[in-house]
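> Next input, structure requested:
(one chain, ligands or ions: 2)
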Amino acid sequence: MLSLKIFLASCLCTVPVAVIHYCNFTGVHCPAIYYVDMDTNTIYMEHLKDSITVKDYIMERTADGVDRCMDTLQQLAIAIGQVVGMMHRNHIIHGDLTTSNLLLVGKPEDCHIAVIDFGLASIEETAEDKGVDLYVLERALLSTHPSTEPLFEAILHSYKETYMCSSGSSGRGNRGGTTADEVLKKFDQIRLRGRKRNMVG
Ligand SMILES: Nc1ncnc2c1ncn2[C@@H]1O[C@H](COP(=O)(O)OP(=O)(O)OP(=O)(O)O)[C@@H](O)[C@H]1O
Ligand SMILES: [Mg+2]
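Ligands and ions are numbered 1, 2, ... in the order given. Here you go, the predicted model:
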C-alpha cells in the first residue's frame, strides 16, 4: 500500500513535468522547470514575469462591453486556437483549459501565450480526450466571460487551421491519430451531451 502511495505521488510530479518538457519541445511556451524535489513532490519552475492571465485580460478589455473590443480580442482568439491546436496535434491534453491557465507574457496585445497548470495533463491521441479539452475551454470562456461566443468560434477556426497545418492533406496530428474534423465532430457530440445533462438537471 505504501509503495502504491509513493508511486502515485511520484506520478503527480513526473507526469506534469514530462508534459511541460514535451510542450516546450513542440514549441508550446510553458514555464521552464528548474528542479523537481521528489521527496516533497515539489516542482520549482520559472516565474513568468510581466504576465497576466487571459482571464484578467479579457475582463479588463470587456469592462465596457464585449462589442467594443472584438477586434483586439479576435487576435487573442487566434493565438489561443494556435496554442491549443499545437498541443492537440502533438496529442498533449491539458485537462484544465481555463482562461486562468493561459498567461499573456509581455505586452498583452502581442498575444504571446504561455500555458501553465499541468496537474491534470496527459498524452492521448483520441478525439474524445481532445474534444473534452475543447469543451472545458468553451465552458470556462463562456461562463467567465459572457457574450464571448464569437471569440470561441474564432478559437475553433484557428485551432482547426493549426491542427491541420503541419499534418498534410490527411489532417491528422503530427504522429498520426485523429484528424481535426474527427476532433471537432466529437466536440459537437460532447457539447450535445453537456446540454442534455443540463436539461435533465
Ligand atoms: N509560472 C508562473 N508564472 C507566473 N504566474 C504564474 C505561474 N504559475 C502560476 N501563476 C499564477 O498563479 C495562478 C494560479 O496558478 P495555477 O493555475 O498553477 O494554480 P491553481 O491552484 O490551479 O489556480 P486556478 O484554480 O486559478 O487555476 C495563475 O492563474 C497565475 O496567475
Ligand atoms: Mg490553474
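
> and this structure, which residues reach ligand 2?
101, 117 (Cβ under 5 Å from the ion). Yep, even glycine has a C-beta here, placed from its N, CA and C like the rest.

> Which residues are in contact with residue 31?
Under the criterion of Cβ atoms under 8 Å, 6 or more residues apart in numbering, the contact list for residue 31 reads 20, 45-48, 114, 116.

> can we see that at 7 Å?
Counting by Cβ atoms under 7 Å, 6 or more residues apart in numbering, residue 31 touches 45-46, 48, 114, 116.

> Which one of these is nearest to ligand 1?
Here the nearest of the contacts of residue 31 to ligand 1, counting by Cβ to the nearest ligand atom, is residue 48; it sits at 3.6 Å.

> what number of residues lie near that closest one?
Using other Cβ atoms under 10 Å, residue 48 has 17 neighbouring residues.

> correct me, but it touches residue 106?
No. Look at residue 48 against residue 106 with Cβ atoms under 7 Å: they stay out of range, at 9.5 Å.

> hang on, the earlier thing: reformat the contacts of residue 31 as TSV; add pLDDT, distance to residue 15 and secondary structure.
Listed next are those as TSV, based on pLDDT from 0 to 100; distance: Cβ to Cβ, whole Å; DSSP: H, G, I helix; E, B strand; the rest coil:
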residue	pLDDT	distance to residue 15	secondary structure
45	95	15	strand
46	96	19	coil
48	97	21	coil
114	98	19	strand
116	98	15	coil
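
> among the residues you listed, which ones are buried?
For the contacts of residue 31, a burial check counting by 16 or more other Cβ atoms under 10 Å picks out 45, 48, 114, 116.

> just for the protein, where's the confidence low?
Residue ranges of the chain with pLDDT under 70: 1-2, 4-10, 166-176, 200-201.

> Spatially central residue for it, please.
What sits nearest the mean C-alpha location of the chain, by Cα atoms, centre = their mean, is residue 97, with 4.3 Å.

> contacting residues for that residue?
Residue 97 touches 84, 133, 136-137, 140, counting by Cβ under 7 Å, 6+ apart.

> got it, and residue 78?
Counting by Cβ under 7 Å, 6+ apart, residue 78 makes contact with 154, 158.

> what's the answer for residue 155, then?
77, 80-81.

> would you turn these into TSV with neighbour count, secondary structure and distance to residue 123?
What follows is the contacts of residue 155, written out as TSV (neighbours: other Cβ atoms under 10 Å; DSSP: H, G, I helix; E, B strand; the rest coil; distance: Cβ to Cβ, whole Å):
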residue	neighbour count	secondary structure	distance to residue 123
77	24	helix	26
80	25	helix	21
81	24	helix	21
